[in-house]
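In: kindly return the folded structure for what I paste below:
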Amino acid sequence: MREALPAELDALALVLARAFERDPVYRWILPDDARWRRAAPGLFCELLRLFAATGTVLTDDTAAGAALWNPPEPRRQSLRERAAFALALCVRLRAATPRLARVGGILAALHPREAHWYLGVLGVDAEHRRRGVAASLLAPILARCDAERLPAYLETALEANLAFYARHGFAVIGDAAVPGGPRIWALHRPPRAGPAA
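Out: Below is the predicted model:
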């Protein structure tokens, strides 16, 4: 696994759009198929650019998936950068922007206050699933968490994901329901003691 190159972000946006095509939260934001096909690649493109600027985007040479991580102290964005990101999302999502804002508020309320690594997005193209790609995308930062004695945190709206994350040391620490929409689980992983630490 390695950091994604800027020239790879557009292709990774398409990978993530395919990976999240059935995700309850993203499909609540963009519920119909035509709107999803039109807006999802742009949404993930903006998220990839944001995490590339403030944290790190991990992928591999096959571009089978991507993990978007922010460190405990992400690079701070200027007011202009934050405004440009918000405007880009509004342009990409149009009428779905209020739904994204509602989800953002819920995620902010769930987010822990302690210093931690945050996994904002982890997605693998369907044809590459069940081959260890997701675990490989997690491994470098989880090893860093252990070495630095820092926890990791993420959210998921797929109950089926809970067992996968549990195998990597994550436990549910809270949940919330989007009004009229899906349930979101908050997961926390304390650093592991051992040779890596």
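In: surely residue 45 touches residue 10?
Out: Yes. When contacts are counted by Cβ atoms under 8 Å, residue 45 is listed as touching residue 10 (6.2 Å). C-betas here are computed from N, CA, C, even on glycine.
In: have a look at those two and say which one is more surrounded.
Out: For residue 45 versus residue 10, the count of surrounding residues by other Cβ atoms under 10 Å is larger for residue 45: 20 against 14.
In: list the contacts for residue 177?
Out: Contacts here follow Cβ atoms under 8 Å, 6 or more residues apart in numbering; on that basis residue 177 touches 183-184.
In: the chain: helices as residue ranges?
Out: Secondary structure of the chain (DSSP state H): helices located at 9-19, 24-29, 33-54, 79-93, 97-110, 133-148, 161-167.
In: so which of those helices is nearest residue 174?
Out: When the helices of the chain are ranked by distance to residue 174, counting by Cβ to Cβ, first place goes to helix 97-110 at 5.6 Å.
In: tell me what the closest one is packed against?
Out: Taking 3 or more Cβ pairs under 8 Å, 6 or more residues apart in numbering; DSSP states H and E as contact, the helices and strands that helix 97-110 lies on are helix 24-29, helix 79-93, strand 171-177, strand 183-189.
In: so who does the closest residue to residue 49 other than its chain neighbours touch?
Out: Counting by Cβ to Cβ, 6 or more residues apart in numbering, residue 49 lies nearest to residue 9, which is 6.3 Å off, once chain neighbours are set aside. Residues counted as contacts of residue 9 (Cβ under 8 Å, 6+ apart) are 45, 48-49, 52, 57.
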